[in-house]
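> Return atomic coordinates for the entry below.
(4 chains)
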Protein chains: 2
Amino acid sequence: MSTSPPNTRTKILQATLDLLFADPPSKTRMSDVATQAGVSRQAVYLHFENRTDLLIAATHFLDETLDTKARLAASRNARSGLERLQAFVAAWGGYIPEIYKIATVLISLSKTDKAAATAWENRMQDMREGCAAAIDALNADGTLSPSFSPDDATDLLWTMLSVSNWEHSTRACGWDQEKYLTVLTLATRTLFYSEPSKLP
Amino acid sequence: MSTSPPNTRTKILQATLDLLFADPPSKTRMSDVATQAGVSRQAVYLHFENRTDLLIAATHFLDETLDTKARLAASRNARSGLERLQAFVAAWGGYIPEIYKIATVLISLSKTDKAAATAWENRMQDMREGCAAAIDALNADGTLSPSFSPDDATDLLWTMLSVSNWEHSTRACGWDQEKYLTVLTLATRTLFYSEPSKLP
DNA sequence: ACCCAACTTTACACTGTGTAAAGTTGACAA
DNA sequence: TTGTCAACTTTACACAGTGTAAAGTTGGGT
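Numbers count the residues shown, from 1 in each chain, chains lettered A, B, ... in the order given. Sure, this is the predicted structure:
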């Protein structure tokens, strides 16, 4: 609804994302953000306590523009457990590239900054719930592989869909996004799905 | 053979490892290392160009004391492809906790430091060869799952055995080392091994 | 007695974060 | 019209950590 003049706070958040997703990659120092936003460095500190605070706010800001929740909720419409698993892998796997850059910064801040660590942990816990829901759906269908308990399957799926795995797949392995999705869909299916037995 | 008086270089490297693996965790600034080694901060710069150089040297130093090569070579004695896969998972999986701390530092330096990135990449490429050898052994036995090409299987195994996956498993998932090994052994077996067909 | 290499001491440049405080400006109100 | 207030700018500085520079010190070998 609102195409009103962007206030300074919004300009700063947008500038942060612009820099974070810039190609070629650029630094995201407080002064870079300020320059990009066309305000003074001090103005940034007027709106955000510190760099971590800014980056966490930028993450939320990005969520809004990406309509994160809606996209991840799509897998809830699947009819079977397997469908739901695959829809979740596709949704989350497709989402990662769009948050990758800021996720990386947040993760690396997490090592020294409690607030960043908590912010990232919360997102990862949300994501784990998606994993749990997919595994539970398989389990309800009776098509969860007997090799894994629901909890272990959830954790393993959670691990396999981590941002760092996506990074490794697309950087170190050199897979493109399509290949990543193909392989992960197949791998998770192989790991967690087993044909329903004929017996009741 | 040599229990000769440790020279300064060795004292510095040992001090670096002491700090890196200290519990509770401690900082590893150049001054911390110097203090721990009982030398001046400048002495550290006399032996190592910069912090990255020091940490890479410490990694090699750790390799020597851990006899890395020998441990990872053990899987070469396995008789079947499956045995070899499982031996490799066990060997590498058991190795990760011992290099985890320094690996983390090297990885985080990699983001800004070309030398650190190269050093870590080299190690990961060595590790990938172990993955490839295990997958090739399966393939030679005719027990590699037809779902994956040898290359894809190698990359996927490589990804699953990454340090960050170990970190996620033992931190976020809260698995202990034994559970990590159990789950990964089972998961890699499920993914990559298939019963030999009866037909020739 | 001298020298040299290895080390220490002191001091400083540089980057980036964060704090402090005084100045500017433009909108809105009395 | 003047005043005031919030948002912003400008300038300046403290602090941590890396890395450089250069002048001491010291102890073993010749």
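> Could you list the buried residues of the least confident helix or strand in chain A by mean pLDDT?
One helix or strand of chain A scores below all others by mean pLDDT, DSSP states H and E: helix A:68-73, with a mean of 81. By neighbour count on 16 or more other Cβ atoms under 10 Å in any protein chain shown, the buried set for helix A:68-73 is A:Thr68, A:Leu72. Bear in mind the C-beta positions are built from the backbone N, C-alpha and C, glycine included.
> Could you export it as PDB, CA atoms only?
Output of helix A:68-73 as PDB, limited to C-alpha atoms (Å, rounded to 0.1, in the frame of the first residue of the first chain):
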ATOM      1  CA  THR A  68       9.000 -16.000   3.600                       C
ATOM      2  CA  LYS A  69       6.200 -17.500   5.700                       C
ATOM      3  CA  ALA A  70       3.800 -17.900   2.800                       C
ATOM      4  CA  ARG A  71       6.400 -19.700   0.700                       C
ATOM      5  CA  LEU A  72       7.400 -22.200   3.300                       C
ATOM      6  CA  ALA A  73       3.800 -22.800   4.200                       C
END
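> following that helix, which helix or strand shows up next?
Toward the C-terminus, helix A:68-73 is succeeded by helix A:81-110 as the next helix or strand (DSSP states H and E).
> And that next one, what does it pack against?
helix A:8-20, helix A:51-66, helix A:68-73, helix A:114-141, helix A:163-167, helix A:177-192 (3 or more Cβ pairs under 8 Å, 6 or more residues apart in numbering or on different chains; DSSP states H and E).
> Just list the residues touching the residue nearest the centre of chain A, thanks.
Nearest to the mean C-alpha position of chain A, by Cα atoms, centre = their mean, lies A:Ile96 at 4.7 Å. Going by Cβ atoms under 8 Å, 6 or more residues apart in numbering or on different chains, A:Ile96 touches A:Ala103, A:Val163, A:Trp166.
> How about A:Lys27?
Each residue near A:Lys27 by Cβ under 8 Å, 6+ apart is listed here: A:Leu19.
> Please apply the same query to A:Arg51.
Contacts of A:Arg51 (Cβ under 8 Å, 6+ apart): A:Met30, A:Leu109.
> same for the least confident helix or strand of chain A, what does it pack against?
Other helices and strands packing on helix A:68-73, by 3+ Cβ pairs under 8 Å, 6+ apart, are helix A:81-110.
> centre of the chain versus the helix it packs on, how much separation?
Remark: helix A:81-110 is offset 3 Å from the chain centroid, using Cα atoms, centre = their mean, to the nearest Å.
> got it, and stretch A:154-166?
11 Å.
> Can you check the distance spanned by it, start to finish?
18 Å (Cα to Cα, to the nearest Å).
> My reading is that A:Ser169 lies in a strand. Confirm?
No: under DSSP: H, G, I helix; E, B strand; the rest coil, A:Ser169 falls outside any strand and is assigned helix.
> you'd agree it is up against A:Thr182?
No: assessed by Cβ atoms under 8 Å, A:Ser169 is found out of contact with A:Thr182, at 10.9 Å.
> Settle it for me: which of those two has more neighbours?
A:Ser169 (25 against 14; other Cβ atoms under 10 Å in any protein chain shown).
> re earlier: now what about the least confident helix or strand of chain A, what contacts it?
A:Asp63, A:Phe88, A:Ala91, A:Trp92, A:Gly94, A:Tyr95, A:Gly130.
> ok, 10 Å please
Residues outside helix A:68-73 that contact it (Cβ atoms under 10 Å, 6 or more residues apart in numbering or on different chains) are A:60, A:62-63, A:67, A:87-88, A:91-92, A:94-95, A:98-99, A:123, A:126-127, A:129-130, A:133.
> Run the chain-centre distance for it.
On Cα atoms, centre = their mean, the centre of helix A:68-73 falls 11 Å from the chain's centre.
> Quickly, which of the helices and strands packed on helix A:81-110 bottoms out on average pLDDT?
Lowest mean pLDDT within these: helix A:68-73, at a mean of 81.
> Neighbours of A:Asn50, how many?
12.
> Now do the same for it: its pLDDT.
97.
> A:Ser108 contacts A:Val163, correct?
No: judged on Cβ atoms under 10 Å, A:Ser108 makes no contact with A:Val163 at a distance of 11.7 Å.
> Perfect, that will be all.
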